[in-house]
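Participant: sequence unknown, structure follows:
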């Protein structure tokens, strides 16, 4: 088996890679390094997840002049020697991590620039000086327009995932960036697919590039070690199916891809409610939150990442066992890049795609383009026996780890009565004070003398009188203000219709007795 050392890679770089257990190159790396290390322009085409980053990263690090090299003093101070253009923030960060790994022993300074964060840190780093810049097109142009980024000394330029930049509308920005670099630079273009616009870009800006393809055709661009399952599923049943898939025997880290940002948030919230450690990843999140979610996913602090297609290219995480397409991908390229998040670096993986009834025609076009054997998606529900058999889900598994939280108890009649009493007091402050009196302990209003001063015969009879006579007497509101709502009358049985209503009736009863 060929090693990096046998391909002419510097011992410093080999030592840094070996510390991370990287000793043998993948196919695209082995085919690329011998050409790229000589400074030749090249076009690399390989399916996603096969190690394209190191295929161009090692030549960049090796051809850059390190601070300890004698020739370093002849370079313009702090000006970038290499530039990598990536379509998304996540991919830019991943490329930077790999470059820092390979260049750790050479002291190569790598800077990542992208939008969504402040300029201050990036401007300060550029002022101190960097050797390699990795960035997204928009921020690179912004920094160049500010005259903070000088690309006139770039010796190596890489366009990573060029087809994705085309899809996102970055091609004019890429043309602008290329115009800021020297014509004598080495240009390396890497892409999983080669649309005509990318081919035209290569012919215009590259000098006799060598084409390197790690597989025979794009139709075989899907990862062969990935088992693919296509299910026709109902939208309301999808969260339950995912909950059961997450408990399959071989389920480890799982990425769920959705079509919209709102859908990503909703699915992630639903999975958390079901007891799974999940997090969304979409464009409405702050950059700090997106980086935090990816870090937790890499460190196994969360098992499920629910992401939109924008993040599809930048997620390079080891140990992803399943990729679930919550909705049918828009086209064959999106499908290839989505399922390429699993089965990476020689590992095996599982890709599951849900196809709605309205998306059957779209899926058939994807299936035909990629020459897949899934022309008729199988109608599938969370209770379908073939779902358990296909994915190794234990019998009896439900889509929820924790029991459903009990519903909040409904307010009892006394609570409703209390709210009714509050509504009754909206006529004015007097109603509020009347309610306060209703909450105080009842005072004895037994009358021993009449208003004329004569003693009352039968104190017991006088005491009992309000219970019968007051039952039919309408009750006035607290201060007797005009327009106050009428209070409910007490029933002949002496029972109130609600907690606060009873208190109000009691206060009215005392008033009626006092008026006698």
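Facilitator: Perfect, I can see it now. Quantities reported herein were computed from a predicted structural model and do not represent experimental measurements.
Participant: buried sites along stretch 65-72?
Facilitator: Neighbour-count burial for stretch 65-72 flags 65, 66 (criterion: 16 or more other CB atoms under 10 Å). For every residue, glycine as well, the C-beta is placed using N, CA and C.
Participant: and the helices in the stretch 201-350 of the chain?
Facilitator: Counting by DSSP state H, counting those that start in this stretch, the stretch 201-350 of the chain has helices at residues 238-245, 261-273, 287-298, 332-339.
Participant: now tabulate those in JSON lines and tack on distance to residue 354, mean neighbour count and mean pLDDT.
Facilitator: Shown next, in JSON lines, are the helices of the stretch 201-350 of the chain (distance: least, CB to CB, whole Å; neighbours: other CB atoms under 10 Å; pLDDT from 0 to 100):
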{"stretch": "helix 238-245", "distance to residue 354": "6", "mean neighbour count": "22", "mean pLDDT": "96"}
{"stretch": "helix 261-273", "distance to residue 354": "11", "mean neighbour count": "19", "mean pLDDT": "95"}
{"stretch": "helix 287-298", "distance to residue 354": "21", "mean neighbour count": "17", "mean pLDDT": "89"}
{"stretch": "helix 332-339", "distance to residue 354": "12", "mean neighbour count": "22", "mean pLDDT": "85"}
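Participant: residue 193: which of these is closest?
Facilitator: helix 332-339 (5.5 Å; CB to CB).
Participant: elements contacting the closest one?
Facilitator: helix 162-167, strand 320-325, strand 349-355, helix 360-370 (3 or more CB pairs under 8 Å, 6 or more residues apart in numbering; DSSP states H and E).
Participant: mean pLDDT for those: which is lowest?
Facilitator: Lowest mean pLDDT within those: helix 162-167, a mean of 86.
Participant: list the buried residues for the helix or strand following that helix?
Facilitator: Where DSSP states H and E defines the elements, the next helix or strand beyond helix 162-167 is helix 171-179. Applying a neighbour-count criterion of 16+ other CB under 10 Å, one finds 171, 173, 174, 177, 178 buried in helix 171-179.
Participant: hey, which helix or strand in the protein has the poorest pLDDT?
Facilitator: Least confident helix or strand of the chain, by mean pLDDT, DSSP states H and E, is helix 413-424 with a mean of 39.
Participant: ok so, going back, now render the helices and strands packed on helix 332-339 as JSON lines, adding distance to residue 96 and mean neighbour count.
Facilitator: As requested, the helices and strands packed on helix 332-339 are arranged in JSON lines below (distance: least, CB to CB, whole Å; neighbours: other CB atoms under 10 Å):
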{"stretch": "helix 162-167", "distance to residue 96": "17", "mean neighbour count": "23"}
{"stretch": "strand 320-325", "distance to residue 96": "20", "mean neighbour count": "24"}
{"stretch": "strand 349-355", "distance to residue 96": "25", "mean neighbour count": "25"}
{"stretch": "helix 360-370", "distance to residue 96": "32", "mean neighbour count": "16"}
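Participant: secondary structure element holding the closest residue to residue 52 other than its chain neighbours?
Facilitator: Excluding the flanking residues, the one nearest residue 52 by CB to CB, 6 or more residues apart in numbering is residue 190, at 4.9 Å. For residue 190, the element it lies in under DSSP H and E is strand 186-191.
Participant: quick one: contacts of that strand?
Facilitator: Contacts to strand 186-191, defined as CB atoms under 8 Å, 6 or more residues apart in numbering, come from residues 36, 39-46, 52, 55-56, 59, 63, 155-164, 198, 201-202, 205-207, 209.
Participant: got the angle between that strand and helix 171-179?
Facilitator: Relative orientation of strand 186-191 versus helix 171-179 (axes from the mean of the first three to the mean of the last three CA atoms, to 10 degrees): 160 degrees.
Participant: each with direction, which strands does strand 186-191 pair with?
Facilitator: Within its sheet, strand 186-191 is paired with strand 42-45 (parallel), strand 156-160 (parallel), according to DSSP bridges.
Participant: worst average pLDDT in those?
Facilitator: When I compare these, strand 42-45 is least confident, with a mean of 88.
Participant: and the helix or strand that that strand is followed by, what other elements does it pack with?
Facilitator: Next helix or strand after strand 42-45 toward the C-terminus (DSSP H and E): helix 52-63. Applying 3+ CB pairs under 8 Å, 6+ apart, one finds that helix 52-63 contacts helix 11-18, helix 27-36, strand 42-45, strand 82-85, helix 89-102, strand 156-160, strand 186-191.
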